[in-house]
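Peer 1: What follows is a predicted protein model with its sequence.
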Amino acid sequence: MINFEEELKKFKPSLEVDQAEQAIYSQELDDMTDLLQKMMQEASKRNR
C-alpha cells in the first residue's frame, strides 16, 4: 500500500518552464552525432 506521508516527503516541485529551459540549455549535452564522431575518432586512434 502507498504511504502518502512518505511520498510527500520525497516530493520536489517541478521547475517553471523558464527555469527548466535555462537548466537544460546551460548543460553541455552531446547529441547522437557528437557521440558517434567521438567513437569513430577513438576507434581510428586505436587502429593506427
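Peer 2: That came in fine, so what should we check first?

Peer 1: Mind checking the pLDDT average for the one helix or strand Gln19 maps to?
Peer 2: In this assignment (DSSP states H and E), Gln19 forms part of helix 17-25. Helix 17-25 comes out with an average pLDDT of 79.

Peer 1: Residues touching it, excluding its own?
Peer 2: Helix 17-25 is contacted from outside by Ser14, Leu15, using C-beta atoms under 8 Å, 6 or more residues apart in numbering. Placement of C-beta: from N, CA and C, glycine included.

Peer 1: Quick one: residues in contact with whichever helix or strand comes after it.
Peer 2: Later in the chain than helix 17-25, the nearest helix or strand by DSSP H and E is helix 32-46. Residues outside helix 32-46 that contact it (C-beta under 8 Å, 6+ apart): Asp30.

Peer 1: Pick out the residue nearest the middle of the chain.
Peer 2: Leu29 (7.3 Å; C-alpha atoms, centre = their mean).

Peer 1: distance of that one from Leu15?
Peer 2: Distance check for Leu29 against Leu15: by C-beta to C-beta, to the nearest Å, it reads 17 Å.

Peer 1: okay, how far is it across stretch 10-30, tip to tip?
Peer 2: In stretch 10-30, first residue to last residue: 30 Å (C-alpha to C-alpha, to the nearest Å).

Peer 1: whoops, I mixed them up, stretch 22-31
Peer 2: End-to-end distance (C-alpha to C-alpha), stretch 22-31: 18 Å.
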